[in-house]
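Asker: from the sequence below, what's the structure:
(one chain, ligands or ions: 1)
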Amino acid sequence: RLVVEPNAKGAPIPSTMYGLFFEDINYAADGGLYAEKIKNRSFDFPTPLQGWNAFGKVEVRNDGPFANNPNYVRLSPAGHTDKWTGLDNEGFFGVSFEKGKDYRFSVWARVPDGGTSKVRVELEDPATMGEGQDKCAKEFEVTGKDWKKYTVTLSPSETVSKGKLRVFLVKPETTVDLEHLSLFPTDTWKGRENGLRNDLVQKLADLKPGVFRFPGGCIVEGTDMDTRYEWKKTVGPVENRPVNENRWHYTFRHRFFPDYFQSYGLGFYEYFLLSEDIGAEPLPILNVGLVCQYQNHDESAHASLNELQPFIDDVLDLIEFANGPVDSEWGKVRAEMGHPEPFNLKYVGIGNEQWGPEYTTRLEPFIKAVRAKYPDIKIVGSSGPDSEGKQFDYLWPEMKRLKADLVDEHFYRPESWFLAQGNRYDNYDRKGPKVFAGEYACHGKGKKYNHFNAALLEAAFMTGLERNADIVEMATYAPLFAHVEGWQWRPDMIWFDNFRSMPTASYYVQQLYSLNKGTQVVPLKMDGKAVAGNEGQNGLFASAVKEDPSGDIIVKVANTGDTAQELQIDFKGLKKKQHYSSVEITTLHADNDAENTLDNQEIVKPKVENYNADSITDMNVSIPAKTFAVYRFK
Ligand code: AHR
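Answerer: Numbers count the residues shown, from 1 in each chain. Okay, the predicted model is just below:
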């Protein structure tokens, strides 16, 4: 028996409660959300022609028009009527293109000796190239010695998933220089030129996230100091954003991707814009002067205490970039990029998954500097991963001493952990920082990834987040995205290939919480006892919220057990004539090991039923075994 007290006062649910963690892992940015189709578009990977196949006379030169991306290619006449000069790009797991869509190809070019040259660009299908069948092509003239941007639209007449882009000199050939070759579909999210993949952003928007954390994750720290994420390099014209090695380039030997770099085309401006588009509070995470810790580097790998000022300046300048007036140094950069209005940044995270004294001693001067200049900004400190809580034992008292506003806890743990953590936050210190459950996912042992039972246990665990909304301010499942051909880490919330994307069971759990987060916790008792949640009560985990202004009551129940259970939901303390007139019941249920695939996305999916009655003041309902159910009383 569940007893809900709809009129009793409970903690407000923070608007940030259920959010998103984004990191460029699993090709989430380049090759994923960022809709650019050309890999190594400015020839500035350490191996300049990586991703390209050059033919004829192609020379890489390094005195190009963009200081941070100095390389470009010179295409010279092949010197024989039967020879050609040009190059092909392999894209990210192929250059994919679809019939009926338009693609914007652009390139910076010049004719070094003056005059005019002609270039041809084609979208090709390697499977039919033997027959010389290009899928679509355009020729354009390049004129003069000055670098200029040229743009043509390509409209393929066939759909090809593993195509390539070919660019070559048209005969009679005249030497031409090419830099920053780019190919975007025109149907990006909101049609933006430096745009994002529509289907992927839509999936994020459909989650109605309260907070959007970026850019990671370990890539904040980098494998070493030189490869850490530096936001200042990610803003301004895309042509001049330098390439950086990705932290996930070679993290796992068996998932080694030597072509995994960050173009920074999806940079901090785009992250802020995306947060705004999907209605989420932006939460940037910045480097605290430490490299990624799980390699246990010695001190010399990190910035020492007296080298921290540039890192601290990065935080202060970022706040100015997001919120500063248009005549401030960094507010001006934002305005010039097209957003004179502030982004209203409220949170900054300092350090990702760091712990120990080397973290807190570095964090302290950051906190002092931010408090002094921006007292309203909330600071999110980190606490490392949950390895039997050891890091947390050290970090929480320290975070309280440093007066961090939130602490970011991470847990990628097995089923048993999730089953035992329903009451995790019931006894957290209410006088210290708030909780940001910043990275979590149930990693089922010996099971398929993203199988239903893992998601069900996440749902069970999340009842505890919700019941403790007075201390838990935000929570984000991680990682968010994975390309089916390029993952380093799983499970992940959304999988995709070059055309399609797929919500997992975990996606639906997040969505059911987010769309039903309510505005206030309401007290709930199960069989006369306050719902504690540890190991569930008879396998049941539950929470209840009220949503204003609708006044709807939303009860969430995860039945983690193997048998159906009869629930009696009673309302206590209803006012005279107060009742509900309909119940919307949404259930998520599947076989333990069931998981969606790109080809079959209907295997795990919520089902909705509605019941109407004149006056509902209680309800008897059977919750099937292994089911997450959301009961919305209207
Ligand atoms: O989400 C994958 C990784 O897990 C993150 O980059 C890191 O913070 C954690 O170790």
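Asker: quick one: secondary structure of the residue in the stretch 51-200 of the chain positioned nearest to the ligand?
Answerer: Closest residue of the stretch 51-200 of the chain to the ligand, C-beta to the nearest ligand atom: Leu200 (17.4 Å). Any C-beta I mention is one placed from the backbone N, CA and C, and that applies to glycine too. Of the three states, Leu200 takes helix under DSSP: H, G, I helix; E, B strand; the rest coil.
Asker: quick one, what contacts it?
Answerer: Neighbouring residues of Leu200 by C-beta atoms under 8 Å, 6 or more residues apart in numbering: Gly32, Leu33, Phe481, Ile494, Phe496, Ser501.
Asker: quick check on those: which are buried?
Answerer: Gly32, Leu33, Phe481, Ile494, Phe496, Ser501 (16 or more other C-beta atoms under 10 Å).
Asker: so the second one makes contact with Phe481?
Answerer: By that I understand Leu33. Yes - using C-beta atoms under 8 Å, Leu33 makes contact with Phe481 at a distance of 6.6 Å.
Asker: so what sits against both of these two?
Answerer: Joint contacts of Leu33 and Phe481 (C-beta under 8 Å, 6+ apart) are Phe22, Leu200.
Asker: now do the same for the residue of the stretch 301-450 of the chain found nearest the ligand: its pLDDT.
Answerer: Of all residues in the stretch 301-450 of the chain, Glu353 sits closest to the ligand, at 4.2 Å by C-beta to the nearest ligand atom. If you check Glu353, the pLDDT there is 93.
Asker: just Lys138 next, same as before
Answerer: 96.
Asker: element containing the closest residue to Ala322 other than its chain neighbours, please.
Answerer: Spatially, and ignoring its direct neighbours in sequence, Ala322 is nearest to Leu345 (3.7 Å; C-beta to C-beta, 6 or more residues apart in numbering). Secondary structure assigned from DSSP states H and E places Leu345 in neither a helix nor a strand.
Asker: repeat for Gly381
Answerer: Counting by DSSP H and E, Gly381 is part of strand 378-385.
Asker: residues of the helix or strand that that strand is followed by that come out buried?
Answerer: Where DSSP H and E defines the elements, the next helix or strand beyond strand 378-385 is helix 390-402. Using 16+ other C-beta under 10 Å as the test for burial, helix 390-402 gives Gln391, Phe392, Tyr394, Leu395, Trp396, Glu398, Met399, Leu402.
Asker: check stretch 51-69 too.
Answerer: Gly51, Trp52, Ala54, Gly56, Lys57, Val58, Gly64, Pro65, Phe66, Asn69.
Asker: the last one contacts Asn240, doesn't it?
Answerer: Yes - contact between Asn69 and Asn240 holds when scored by C-beta under 8 Å: they sit 6.3 Å apart.
Asker: circling back to that earlier point, separation between the residue of the stretch 301-450 of the chain closest to the ligand and Tyr412?
Answerer: Look at Glu353 and Tyr412: by C-beta to C-beta, to the nearest Å, they are 11 Å apart.
Asker: picking that back up, just the contacts of Leu200 that are near the ligand?
Answerer: Among the contacts of Leu200, not one lies near the ligand by C-beta under 6 Å from any ligand atom.
Asker: which of those residues fall in strands?
Answerer: Within these, membership in strands is found for Phe481, Ile494, Phe496, Ser501, as judged by DSSP state E.
Asker: let me know the closest of the residues you listed to Ala530.
Answerer: Ile494 (35.6 Å; C-beta to C-beta).
Asker: okay, and the beta partners of that closest one?
Answerer: Phe481, Pro503 (DSSP bridges).
Asker: tell me the contacts of it?
Answerer: Ile494 touches Leu200, Lys203, Leu480, Phe481, Ala482, Ser501, Met502, Pro503, Thr504, Tyr507, counting by C-beta under 8 Å, 6+ apart.
Asker: list the contacts of the nearest residue to Ala11 once chain neighbours are set aside.
Answerer: In space, and not counting its chain neighbours, Ala11 is closest to Asp470: 3.6 Å by C-beta to C-beta, 6+ apart. By C-beta under 8 Å, 6+ apart, the contact set of Asp470 is Ala11, Arg430, Val521.
Asker: how close does Asp470 get to the ligand?
Answerer: 26 Å (C-beta to the nearest ligand atom, to the nearest Å).
Asker: where does pLDDT dip in the protein?
Answerer: By pLDDT under 70, the weakly predicted segments of the chain are 129-134, 294-297, 446-447, 532-536.
Asker: neighbours of the closest residue to the ligand within the stretch 501-634 of the chain, how many?
Answerer: Residue of the stretch 501-634 of the chain nearest the ligand, by C-beta to the nearest ligand atom: Ser506 (13.2 Å). Ser506 has 26 neighbouring residues, counting by other C-beta atoms under 10 Å.
Asker: need the buried residues of stretch 51-69 in TSV (columns: secondary structure and distance to Ile285).
Answerer: Shown next, in TSV, are those (DSSP: H, G, I helix; E, B strand; the rest coil; distance: C-beta to C-beta, whole Å):
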residue	secondary structure	distance to Ile285
Gly51	coil	29
Trp52	strand	33
Ala54	strand	39
Gly56	coil	45
Lys57	strand	46
Val58	strand	40
Gly64	coil	32
Pro65	coil	33
Phe66	coil	28
Asn69	coil	25
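Asker: much appreciated, bye for now.
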